[in-house]
Structure formats: C-alpha cells, structure tokens
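Chemist: Whatever this is, show me its structure:
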Amino acid sequence: MLALNRRYLGKHFHLAVSLFALLLFACDPVQSEEPEAESPEPSMFWSMEELIEYDGPMMGDAYYALGVKYSSGWGVPEDDRLAVEWYRKAADAANTSAMFNLGVAYDNGVGVPVDDRLAVEWYRKAADAGNANAMYNLGIMYAEGRGVPQNDVEAYVWSSLSTAFGESKAAHNRDVLRDRLSSDAVMEAQRRASVLFDEISGRVR
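Modeler: Below you'll find the model as predicted:
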C-alpha cells in the first residue's frame, strides 16, 4: 500500500514563505515616480521598528512579518518562542499564514511544546480560511489520528479540498486514501468535500 506524503513540517517551515517574498520583491516592476496614495503593505523588508510601530489596516501582515523575522533570524537573533508570540498576534488579526505556522509549531514543538490537539485547532482555523497547506496537514492529522480520532473519510475530505484549493501534491494522499475506503465512503467524503468547498470559497471571496 502506498504511503501518504508528509509535507510542510520542520524547523524552517517559514523559509519557503520568506524566499517567495524575495522572489516577488525581485520581480516587482519599477515603481512610477508618483507614489500611490494607498498605505504600503507591511513586509519582512521593513525594519523591526517600522513593523512594531505600524498602526495601519494590515496589522496581521505586520505581526506575521515579525514572526518570520524571529523564526528565520532575519535581522534579529533567531527566537522561535518570540516568533510564536507574533504569529499568535497575527492569527488573532486573521492572518491565515500565521494560523498555519502556529499549527506547524505545535505539530513539531517549535517554540512551544508539541501539542497535537492545538496543531489540529490551528490547522483547522487556517483551512477554514482557505489555506491549502493547512488543509493538507489537517488531512494527515486525520489519517494518522493525531490530535483527532483517526478518520480516513475526513482525511480524504481535507486532502481533496487541499487539491481543489491549489495544492496539487495533495492529490497523491487523496488517491491513497480513496483506495482505503469503500465506494459508499468515498461518495460521502466527496459530498462533504463539495459542501465544505462551497462554504470556504464563500468566506474567502
């Protein structure tokens, strides 16, 4: 029997986000001489002082950027505990990437003790907000019975949703799980995934 793929786990889970931000920054077209009137979006390229003092409409992004800085040691001493504190502030401000990172932190014991129940809680919050990576890991948690009762139907549901929301590699787990289920169970899982897809899509529009 094929094994499920595990992803998005490990000490430096934040680096993919940081590197992606660097690529976006490098590819950003030259700005016009006339600056836009809109408030600038907080980013990891801002100084610590700028991020801490930011008081605009995107507080969650500012807090998230601070978490990434502390996670990676980007301009500050690396400190996973402080990173988690800033991710929690960002999550409270509805930043879904921070919710996901909190799930990973509790999943792996990075800056906090390992706590499967809290990992599932944060993965679910991020997944409900449309985060495909969180959906992926939530499917793994159900498949392995970590933080929740083992349930291959729920694992199939969240692997399917992760695929539908853009994580193509989740299709492998979905297909492995499908082979474990009866045809009736697959039909029920597909029905549930369809309902959840509509609900989540409606929230993130």
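
Chemist: which residues in the chain form strands?
Modeler: With DSSP state E as the criterion, the chain has no strands.

Chemist: okay, now K89: neighbour count?
Modeler: For K89, the neighbour count with other CB atoms under 10 Å is 18. Using the backbone N, CA and C atoms, a C-beta is placed for each residue, glycine as well.

Chemist: Same check on the one 3 residues further on?
Modeler: Applying other CB under 10 Å, we find 13 other residues in the vicinity of D92.

Chemist: Read off the pLDDT value for Y63.
Modeler: For Y63, the pLDDT comes out at 87.

Chemist: neighbours of it, just the number please.
Modeler: Neighbour count of Y63, defined by other CB under 10 Å: 24.

Chemist: Go through the protein and flag its longest helix.
Modeler: helix 183-204 (DSSP state H).

Chemist: buried sites along that helix?
Modeler: Along helix 183-204, these residues count as buried under the neighbour rule (16 or more other CB atoms under 10 Å): V186, A189, R192, A193, L196, I200.

Chemist: Could I get the contacting residues of the residue most central in space within the chain?
Modeler: Most central in the chain under CA atoms, centre = their mean is F100, positioned 3.1 Å from the mean C-alpha point. Taking CB atoms under 8 Å, 6 or more residues apart in numbering as the criterion, F100 is in contact with Y8, W122, Y123, A126, N131, N133, A134, N137.

Chemist: change it to 6 Å
Modeler: Contact partners of F100, counting by CB atoms under 6 Å, 6 or more residues apart in numbering, are A126, N131, N133, A134.

Chemist: Need the pLDDT of the nearest residue to G145 once chain neighbours are set aside.
Modeler: Counting by CB to CB, 6 or more residues apart in numbering, N151 is the residue found nearest to G145 once chain neighbours are left out, at 7.7 Å. You'll see N151 listed with a pLDDT of 97.

Chemist: With the one 3 residues further on instead?
Modeler: Per-residue confidence (pLDDT) for E154: 97.

Chemist: Make sure it is actually in contact with Y142.
Modeler: Yes. Using CB atoms under 6 Å, E154 makes contact with Y142 at a distance of 4.2 Å.

Chemist: on that earlier part again, just give me the closest of the buried residues of helix 183-204 to A171.
Modeler: Of all those, A171 sits closest to A193, with 12.8 Å by CB to CB.

Chemist: ok, now which ones touch that closest one?
Modeler: V157, S160, L161.

Chemist: which of those lies closest to R81?
Modeler: R81 lies nearest to L161 out of the contacts of A193, by CB to CB, at 31.8 Å.
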